[in-house]
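Participant: coordinates only, sequence not included:
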């Protein structure tokens, strides 16, 4: 059974196309937070594995499968004849059907609606940004704010599974200690997004729908890659998440992967600091063609006012500075493929006439 499930959830097409996608993800306010700037899985979401739960790596070694599993946040492990889903924090649940899921991760809510599995949702959270599809999710029972859900409200819904986010590590530990099955949903890369989509499909009896959805989105991605192969952008840019000081997403992030797919040189891509600050000298030397602001940055003027050197770059001189909603490129569901096309449409307007 385990080998069959591995073929289902770690199937070769996107595994080989995306390669090792070890990309960290952080959200602000209503979304999972962690070490996006750090660009590493180790510190993501500040989560420690529960003391009574062994690490996913240890469980793989104990399983004796003899095969190296992809480094994905949700992984399948066989233990004593049962196939388990183990997350990067060490929480585990059996791979089976669930019918009363409290979903704290907005991205996982989107996935369940995309699969037509919304009947399995017992409750969700609410926050700064509405969760797609807004006209339907507003009607669902709420267990509080996405960043600070109510333990009592969750328990009152008597869930058979709770899917948390990176900000709810402590809450997940509390629920697990009370006997509730929990998983943290941290889809840090396209590989993680597709993998978790397939597993959510298995949780809700929508395996076929999940496979079709992933295949459709992969085709959409391949179409974009072909377009970029035919007409590369030849641009440099940055996703900034702070203007004071100027800080940007590194290559070890979902925005970094987006730049890689689009063939854009990320001027912060090679920086190794956990929270890289872009110095005026560095920005001037890199001379980005465009700058995107997000999260703590609310208007382009914030970026221009951060340092006078911004106005001396091509991005500043030509006003190629935009604010991009965080949910557009930090979306932890397959809908991020539509966001990729939107970002491509914006970025290609910055291509130099001679390029």
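Facilitator: Structure received. The structure presented is a predicted model; accordingly, all values stated were derived computationally and were not measured.

Participant: does residue 337 really touch residue 217, like I thought?
Facilitator: Yes: at 4.6 Å, residue 337 counts as touching residue 217 under the criterion of CB atoms under 8 Å. (Glycine included, C-beta is placed from N, CA and C.)

Participant: which of these two has more neighbours?
Facilitator: Set side by side, residue 337 and residue 217 show more neighbours around residue 217, with 23 against 20, by other CB atoms under 10 Å.

Participant: and the more buried one, which helix or strand is it part of?
Facilitator: helix 207-230 (DSSP states H and E).

Participant: by contact count, what packs against that helix?
Facilitator: Applying 3 or more CB pairs under 8 Å, 6 or more residues apart in numbering; DSSP states H and E, we find helix 207-230 packed against helix 12-18, helix 190-203, helix 254-262, helix 336-347.

Participant: look up phi and psi at the closest residue to residue 311 other than its chain neighbours.
Facilitator: Excluding the flanking residues, the one nearest residue 311 by CB to CB, 6 or more residues apart in numbering is residue 304, at 6.2 Å. According to degrees, to the nearest 10, the main-chain angles of residue 304 amount to phi -60, psi -30.

Participant: residue 304 against residue 320, yeah?
Facilitator: No: applying CB under 8 Å as the test, residue 304 and residue 320 come out as separate, 11.3 Å apart.

Participant: more neighbours, these two?
Facilitator: residue 320 (21 against 17).

Participant: in terms of contact, does the more buried one touch residue 350 like I think?
Facilitator: Yes: counting by CB under 8 Å, residue 320 does reach residue 350; the two are 5.0 Å apart.

Participant: find residues that contact each of these two.
Facilitator: By CB atoms under 8 Å, 6 or more residues apart in numbering, residue 320 and residue 350 have these common neighbours: 289-290.

Participant: please identify the deepest-packed of the helices and strands packed on helix 207-230.
Facilitator: Of all the helices and strands packed on helix 207-230, helix 190-203 carries the top mean neighbour count, a mean of 26, counting by mean count of other CB atoms under 10 Å.

Participant: just the mean pLDDT for it, thanks.
Facilitator: What helix 190-203 shows for mean pLDDT is 96.

Participant: likewise for stretch 99-108?
Facilitator: Computed over stretch 99-108, the average pLDDT equals 96.

Participant: end-to-end on that stretch?
Facilitator: 15 Å (CA to CA, to the nearest Å).

Participant: residue ranges with poor pLDDT in the stretch 151-300 of the chain?
Facilitator: Along the stretch 151-300 of the chain, segments meeting pLDDT under 70 span 274.

Participant: could you pull out the strands for this structure?
Facilitator: Ranges of strands in the chain, per DSSP state E, are 75-79, 82-86, 92-94, 101-103, 121-126, 142-145, 161-164, 182-184, 236-243, 246-248, 265-266, 290-293, 321-323.

Participant: output the contacting helices and strands for the shortest one.
Facilitator: The helices and strands touching strand 265-266, judged by 3+ CB pairs under 8 Å, 6+ apart, are strand 236-243, helix 254-262.

Participant: distance from the chain centre to the shortest one, please.
Facilitator: If I follow you right, that is strand 236-243. 18 Å (CA atoms, centre = their mean, to the nearest Å).

Participant: same check on the longest one?
Facilitator: Between the centre of helix 254-262 and the centre of its chain there are 12 Å (CA atoms, centre = their mean).

Participant: now do that helix and strand 236-243, the angle between them.
Facilitator: 170 degrees (axes from the mean of the first three to the mean of the last three CA atoms, to 10 degrees).

Participant: which strands and helices sit next to helix 254-262?
Facilitator: Against helix 254-262 (3+ CB pairs under 8 Å, 6+ apart) you get helix 207-230, strand 236-243, strand 265-266, helix 326-329, helix 336-347.

Participant: closest to residue 279 out of the helices and strands packed on strand 265-266?
Facilitator: For these, the distance to residue 279 is smallest for strand 236-243, at 12.9 Å, taking CB to CB.

Participant: residues contacting the residue lying closest to residue 235 once chain neighbours are set aside?
Facilitator: If the residues on either side of it in the chain are set aside, residue 235 comes closest to residue 289, at 4.5 Å by CB to CB, 6+ apart. Residue 289 makes contact with 235-237, 314-315, 320, 350, 352 under the criterion CB under 8 Å, 6+ apart.

Participant: recalculate using a threshold of 10 Å.
Facilitator: 233-238, 264-265, 267, 313-315, 318, 320, 347, 350-352, 355 (CB atoms under 10 Å, 6 or more residues apart in numbering).

Participant: repeat that for residue 100.
Facilitator: Counting by CB under 10 Å, 6+ apart, the residues that residue 100 touches are 120-123, 157-162.

Participant: export these to CSV and tack on neighbour count and distance to residue 151?
Facilitator: Converted to CSV, the contacts of residue 100 look like this (neighbours: other CB atoms under 10 Å; distance: CB to CB, whole Å):
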residue, neighbour count, distance to residue 151
120, 20, 21
121, 23, 18
122, 22, 15
123, 22, 13
157, 14, 11
158, 10, 13
159, 23, 12
160, 17, 17
161, 23, 16
162, 30, 10
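
Participant: of all the residues you listed, which comes closest to residue 298?
Facilitator: Nearest to residue 298, judged by CB to CB, of those is residue 123 at 30.8 Å.

Participant: what count of nearby residues applies to the nearest residue to the closest one once chain neighbours are set aside?
Facilitator: Leaving out its chain neighbours, the residue that sits closest to residue 123 by CB to CB, 6+ apart is residue 141, at 4.2 Å. Residue 141 has 12 neighbouring residues, counting by other CB under 10 Å.
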